[in-house]
Structures are given as structure tokens and as C-alpha cells.
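> take this sequence and fold it.
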Amino acid sequence: MLIDCSFSVHVVKWVTENNCPVNIINDRELRKMLTVGRSRIELPSPTTISRDIKACFCVSRDHITKLLRVRSHVDVFLLTLELTPYCL
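Next up, the predicted model:
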């Protein structure tokens, strides 16, 4: 069997954007549609999808935290520049 990481990413994206339960991957018709022409592909399990969603959340949360820290430092710097004329 072949596990396609980009395929798993798309499954996670589809599940989260459409607010679907992770066990939707067990739906027989959905499995047929996803494997048509790809007999060697292995679909991720609900547990794998859940784990991948949590991992994506953690990465996104860390990235947003870094962005907010940078933004906060920039705002403080700009505020300091704005207040400088009043401090002279």
C-alpha cells in the first residue's frame, strides 16, 4: 500500500473546512470515490485524521503566536516613535 501525504493533507483540509466528523472516511461510497483509479492508495483512518488535525492546529497556533509577538513588538516600536516628539 502507498500512503500519499499530500492526499492526507487534502483529507484533513476537507474534513475541517466542511465541519465533517473524522469517521466520515469510513463511509463506503466516499471510500469508493476516493480510491477510484488509485488501487494502491491507503486512506487515512479516523484516528490518523484526528491526529493530523491536532498537529495542524498546533503548528498554526505556534505560527499565529509568533506573528502576534512580532506585531506586538512593531506596535510598541511605532508607538514609541509616535510619542518621542512629546518627550522632547
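
> mind listing what the residue most central in space within the chain touches?
Nearest to the mean C-alpha position of the chain, by Cα atoms, centre = their mean, lies C56 at 3.8 Å. Going by Cβ atoms under 8 Å, 6 or more residues apart in numbering, C56 touches 12, 16. Heads up, the C-betas are built off the backbone N, CA and C, glycines and all.

> so what's it scoring on pLDDT?
For C56, the pLDDT comes out at 86.

> can you tell me the element it falls in?
According to DSSP states H and E, C56 maps onto helix 46-87.

> buried residues in stretch 46-55, which are they?
Residues 48-50, 52-53 are the ones in stretch 46-55 that count as buried (16 or more other Cβ atoms under 10 Å).

> ok, now how distant is N23 from K66?
Applying Cβ to Cβ, to the nearest Å, the value for N23 to K66 is 33 Å.

> likewise for C20?
Distance, C20 to K66, by Cβ to Cβ: 30 Å.

> higher neighbour count, the two?
C20 (15 against 10; other Cβ atoms under 10 Å).

> for the more buried one, helix, strand, or coil?
The three-state label for C20, taken from DSSP: H, G, I helix; E, B strand; the rest coil, comes out as coil.

> per-residue pLDDT of it, please?
Here, the pLDDT recorded for C20 equals 94.

> what's the neighbour count on the closest residue to it other than its chain neighbours?
Distances taken as Cβ to Cβ, 6 or more residues apart in numbering put W14 closest to C20, at 7.4 Å, once the chain neighbours are dropped. Look at W14: counted by other Cβ under 10 Å, it has 13 neighbours.

> buried ones in stretch 27-42?
Buried positions in stretch 27-42, judged by neighbour count with 16+ other Cβ under 10 Å: L34.

> straight-line length of it, end to end?
For stretch 27-42, the separation between the terminal residues is 14 Å (Cα to Cα, to the nearest Å).

> show the average pLDDT along that stretch.
Taken as a whole, stretch 27-42 has an average pLDDT of 88.

> could you do stretch 69-79 as well?
Mean pLDDT, stretch 69-79: 68.
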